[in-house]
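> Fold the stuff below for me.
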Amino acid sequence: MKVIPKKINLKDGRNLTLRSATPGDAENLLRHLRITHAESYKNLNQSTAYWQEFTTIEEEKILAGFESASEKFMLVAVYDGRIVGGLGFWGYQSEFVKRSAGIGMSIQKEFCGSGLGTEMMYFMINQAKQMGFHRIDLTVRTYNEAGIKLYEKVGFERVGLLKDAAFIDEEYVNEYSYQKILD
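Numbering: from 1, shown residues only. As a prediction, the model looks like this:
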């Protein structure tokens, strides 16, 4: 699904555009994913090596699927022609949970603390409401204090603890489960 682009101003004065990713963004988005996974792989769900092997053609296909679907979208934050943030939103497909959705987000370190995460989350929440969704789910590693602070700031509620949810660097780590009920 395509979303209506929005220009935003960050706390530090930088101006960005939030918009839908298109298949033409595949190379730029892969560059972003490689950067964020090198910087923060312990907070994300794939290793750095995974994205090094991922091809532009594979990413183009994924982005075409987001673009043509009515129940999901891929939001990117663009600064000076480069993608510096991404947020995937996907509605669940099973009959009884199709008004619920999940998300995943990545932001390059140079933009952490700038207000970009807050802008992206509020943009996503508003889009989800317009699409008729009722609930949004996410998980966050228990040590990701910045992510936890952001999600709680925009109204997500912690609803559980997932023990040993991921195996990173030869160690099991826990995650918190969060949800937001849309008004």
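> C-alpha only now, for contacts and for neighbours.
Fine.
> Quick one: end-to-end length of stretch 5-14, please.
Stretch 5-14 has an end-to-end distance of 17 Å (CA to CA, to the nearest Å).
> Grab the CA positions of stretch 171-179 and hand them over as PDB.
Taking Å, rounded to 0.1, in the frame of the first residue of the first chain, the C-alpha atoms of stretch 171-179 are listed here in PDB:
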ATOM      1  CA  GLU A 171      23.200 -16.400  24.500                       C
ATOM      2  CA  TYR A 172      19.400 -16.400  25.000                       C
ATOM      3  CA  VAL A 173      17.800 -13.000  25.400                       C
ATOM      4  CA  ASN A 174      14.400 -12.000  26.600                       C
ATOM      5  CA  GLU A 175      11.800  -9.700  24.900                       C
ATOM      6  CA  TYR A 176       8.900  -7.700  26.100                       C
ATOM      7  CA  SER A 177       5.600  -8.000  24.200                       C
ATOM      8  CA  TYR A 178       3.800  -4.700  23.600                       C
ATOM      9  CA  GLN A 179       0.500  -3.800  22.100                       C
END
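> For it, which residues meet the burial criterion?
Residues Val173, Asn174, Glu175, Tyr176, Ser177, Tyr178, Gln179 are the ones in stretch 171-179 that count as buried (16 or more other CA atoms under 10 Å).
> buried ones in the helix or strand of the chain with the lowest mean pLDDT?
Ranking every helix and strand in the chain by mean pLDDT, DSSP states H and E puts helix 48-53 at the bottom, with a mean of 91. Neighbour counts over helix 48-53 (16+ other CA under 10 Å) mark Thr48, Trp51 as buried.
> Which residues outside it are in contact with it?
Under the criterion CA atoms under 8 Å, 6 or more residues apart in numbering, residues Leu30, Leu33, Arg34, His37, Ala38, Tyr41 lie in contact with helix 48-53.
> Pull up the gap between the residue lying closest to the second one once chain neighbours are set aside and Gly113, please.
Beyond its immediate neighbours in the sequence, the residue positioned closest to Leu33 (CA to CA, 6 or more residues apart in numbering) is Trp51, lying 6.8 Å away. Using CA to CA, Trp51 is found at 25 Å from Gly113.
> If you go by neighbour count, which of the contacts of helix 48-53 are buried?
Leu30, Leu33, Arg34, His37, Tyr41.
> give me phi/psi at Arg99?
Arg99 adopts backbone torsions of phi -100, psi 10, taken as degrees, to the nearest 10.
> and what of Phe111?
The phi/psi pair for Phe111 (degrees, to the nearest 10) is phi -110, psi 0.
> Please tell me the pLDDT value assigned to it.
Reported pLDDT at Phe111 in the predicted model: 98.
> Pick out whichever of the buried residues of stretch 171-179 sits closest to Gln93.
Among these, Gln179 lies closest to Gln93 (CA to CA), at 17.6 Å.
> ok, Asn15 - contacts?
Taking CA under 8 Å, 6+ apart, we find Asn15 in contact with Lys7, Ile8, Asn9, Tyr79.
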